[in-house]
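Novice: Sequence first, predicted coordinates after that:
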Amino acid sequence: MSNPLITIAIPTWNRATILDKALNALLPQIENNKDKIEIVISDNGSDDNTSEIIEKHISLHNTLNIVHFTQRKNTGYYGNFKKCRELSNGDYFWLLSDNDYVANGLINYLLDILINNQPSFVFLRDWKHDAKVGAYSSFKSSVYTVKEGIEKFNYKTTLISAVVFNNDKSNDTVLFEKFNENTFLGFAYFLQSLKNKDKAFEIIGTSLFINDAKVSFNAFKSFGVDLMACFKFAIEENILSKETVAVFINKVITGLTVKHYILYRITGSLHGKKHKKEDVDKLITEGFSDYKAYHEELKPLQESSGLKFYILVFKKHLFKIIKEQLLKK
């Protein structure tokens, strides 16, 4: 028996109601493609009615290839991610969060790309931070080299739900040992899958409706120190060039970290967490000091205080941030 084309893996813990909605959006789309898709749901020792919800959907869709695994005890996000990989048999791997709701029509469109083009990865460009799945979505796609795709899609590829990639598990043991407790463990697996590949697809059109959950990571550590550890690996393994990594990191700084840093300096916290300025500045400098955008965009903010800081934000960053927010609407 041949492998399924794709494994859709969902790690979950104590989110029975949210998971129920996610499976309601996903599983009906699998019915016409049951021979091509494997669903893996790994329950990280939930003490709510998660198991009942999963079994309900297995009963409702009893012809689908659904693997339900329950951890004996909570192994943390990283342990549950590892179990999803171990259980996966598909040629492609897609890790969905239990709060990601798949848009109507996406599965058929995605399978068509995978079957007819066999890309290294597919990037889902458009998401909505909205718990309500809309009507049937309309999609189109573009094709790139892997280098072009990584430079264009950039830090959005760190949202692991947004990338469907080759399920190359040959280096998983090493990767887990190296990146266990790294925020971007999934991104490290994604980078590994790019080795010796050269085609990337972008799906344009709302693919995911995200039921926003509380952010648990330190964004400054994650997008500085943790992300750089992933890229150090990618450079050492000749997966990405230093030039491509530089393009990526400079965009992280200008498109993400600057806004995080301004918000942190104004409010004293980020994602509800308080941080000491010296700790934040150390993480940022450690992660980004070798990059041009750090010296042009972040360092002046770090070195300014009081009225000087607010004048700098107003002159150089405020209108850009407002414009970006308006374009999203």
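Specialist: Ah, there it is.
Novice: Count residues in the vicinity of Ser42, would you?
Specialist: If you count neighbours by other C-beta atoms under 10 Å, Ser42 ends up with 24. All C-beta spots, glycine's among them, are computed from the backbone N, C-alpha and C.
Novice: Please apply the same query to Asn117.
Specialist: 12.
Novice: same check, this time on Ala131
Specialist: Neighbourhood size, Ala131 [other C-beta under 10 Å]: 14.
Novice: What distance do you get for it to Thr206?
Specialist: Distance, Ala131 to Thr206, using C-beta to C-beta, to the nearest Å: 13 Å.
Novice: Ok, Lys56 next?
Specialist: Look at Lys56 and Thr206: by C-beta to C-beta, they are 27 Å apart.
Novice: of these two, who's got more company?
Specialist: Thr206 (20 against 13).
Novice: Name the helix or strand for that one, please.
Specialist: Assigned by DSSP states H and E, Thr206 falls within strand 200-210.
Novice: How about Thr257: what's its closest non-neighbour residue?
Specialist: Phe223 (5.9 Å; C-beta to C-beta, 6 or more residues apart in numbering).
Novice: quick one: low-confidence parts of the stretch 51-200 of the chain?
Specialist: In the predicted model of the stretch 51-200 of the chain, residues 135 satisfy pLDDT under 70.
Novice: Sketch out the strands for the stretch 151-300 of the chain, chain order is fine.
Specialist: Taking DSSP state E, counting those that start in this stretch to define them, one finds strands in the stretch 151-300 of the chain at 163-166, 200-210, 269-270, 273-274.
Novice: quick one: contacts for the closest residue to Lys251 other than its chain neighbours?
Specialist: Leaving aside its chain neighbours, Lys251 sits nearest to Asn154 (4.6 Å; criterion: C-beta to C-beta, 6+ apart). Asn154 is in contact with Val247, Phe248, Lys251, Val252, Gly255, counting by C-beta atoms under 8 Å, 6 or more residues apart in numbering.
Novice: cool, and Ser193?
Specialist: Residues in contact with Ser193 (C-beta under 8 Å, 6+ apart) are Phe93, Ser120, Phe121, Phe165, Asn166, Asn167, Asp168.
Novice: before we move on, the earlier item: what's the neighbour count on the residue nearest to Thr257?
Specialist: Counted with other C-beta under 10 Å, the neighbours of Phe223 add up to 25.
Novice: So that it lines up with my notes, have the first residue be 760 from now on.
Specialist: Sure, I'll start counting at 760 from here, so that last one is Phe982.
Novice: Check the gap between the closest residue in space to Gly983 that isn't next to it in sequence and Asn977 for me.
Specialist: Nearest non-adjacent residue to Gly983, counting by C-beta to C-beta, 6+ apart: Gly1046, 2.5 Å away. Gly1046 is 12 Å from Asn977, where distance means C-beta to C-beta.
Novice: How about Lys954?
Specialist: The gap separating Lys954 from Asn977 is 29 Å, by C-beta to C-beta.
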